[in-house]
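1. Structure for this input, please:
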Amino acid sequence: MRTSLLFLSILFIVPFLSYQSVLNAQNKFDVRLYKCYVTSDLKGWESSIADMEKELKLNNSAENHFQLLHAQYGIIGFLLGLEETFRAEYYIGKAEKEVDFLLKIPAYKSQVLAMQAALCAYKVSINWYKAFYLGPKCFNLVDEALKADSEDVYAVIEKANILHYAPKILGGNPMIAVKYYRKSIDILIEKNGGIEPKTWWFLNSYVQMGLAAQKAGNYYLARNIFLKILNLAPNFIWVRDSLLPRLEVKMNLKS
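-> This next block holds a predicted model:
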């Protein structure tokens, strides 16, 4: 999934369900979205969201609300990477309604604040002139999320995304972002019983870490990260056919 955003997920925890058990759950939509992410299948992602909306009508659970929100979050980045701004704004509006629902549940404070930061960043990426007044809001929201729970993986991811995509004048620092991406990956593996989870957001943390390393000029680190990703998902189109080959051209490893 291509992203050229200013800054870029949250996990919804049902009160009686443990954090680790939610992370470990590999439901049908996790599988579908993982395949969509690896194959750059936008239509499949939209179809999955439509099916989630149908399921939510049958089961209006908090977990299903998060599942839908998280998928909306993902497709917004997908669409913005394709420069389909109008469609991205449509999903931003839908995601904000889900956030409004989640805000009523105090137990999810960190995750909701992280998602608010992400949606704020998406808006900035669409209208750059908003950066100087929305940018600080994004930073504040993600810092509040981390204050609420410093180990919440989605707050950690959003902190990384902000540092990665924010301009230096607003506090951006891609190499520090690499450290936060690494932390998010470690948390996800730990919560999944020491096994690398097969989810799109786990792969995306790796991708963004590689992009941040490349942005910082550490091409060898970026290449190693992209190679690691292909070890995890050999048919990952974006990395296999675009990110790695372009990086190797820059490194003069391929003509």
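2. Give me the average confidence score over stretch 96-116.
-> Averaged over stretch 96-116, pLDDT sits at 89.
3. Go ahead and produce CSV holding the CA coordinates of it.
-> C-alpha atoms of stretch 96-116 as CSV (Å, rounded to 0.1, in the frame of the first residue of the first chain):
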residue,chain,number,x,y,z
GLU,A,96,-14.8,9.7,12.2
LYS,A,97,-18.3,8.4,13.0
GLU,A,98,-16.7,5.2,14.3
VAL,A,99,-14.3,7.2,16.4
ASP,A,100,-17.2,9.1,17.9
PHE,A,101,-18.6,5.8,19.0
LEU,A,102,-15.4,4.6,20.5
LEU,A,103,-14.8,7.8,22.4
LYS,A,104,-17.7,6.8,24.6
ILE,A,105,-15.7,3.9,26.0
PRO,A,106,-13.0,5.0,28.4
ALA,A,107,-11.2,1.7,28.3
TYR,A,108,-10.1,2.5,24.8
LYS,A,109,-8.7,5.9,25.4
SER,A,110,-5.2,5.3,24.0
GLN,A,111,-6.4,3.5,20.9
VAL,A,112,-9.0,6.2,20.1
LEU,A,113,-6.5,9.0,20.6
ALA,A,114,-4.1,7.3,18.3
MET,A,115,-6.8,7.0,15.6
GLN,A,116,-7.7,10.6,16.0
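4. all helices of the protein, in order?
-> 19-24, 28-39, 42-58, 62-81, 85-102, 109-126, 131-148, 153-165, 174-191, 200-215, 219-232, 237-238, 244-250 (DSSP state H).
5. where among these is the average confidence lowest?
-> Taking the mean pLDDT of the helices of the chain, helix 19-24 comes last: a mean of 40.
6. you'd agree residue 137 is up against residue 119?
-> No - the pair residue 137 / residue 119 is not scored as a contact, 10.7 Å apart, by C-beta atoms under 8 Å. Using the backbone N, CA and C atoms, a C-beta is placed for each residue, glycine as well.
7. Those two: which has the busier surroundings?
-> Neighbours per residue, other C-beta atoms under 10 Å: of residue 137 and residue 119, the larger number sits with residue 119, 21 against 16.
8. correct me, but the more buried one touches residue 99?
-> Yes - counting by C-beta under 8 Å, residue 99 is a contact partner of residue 119 at 6.9 Å.
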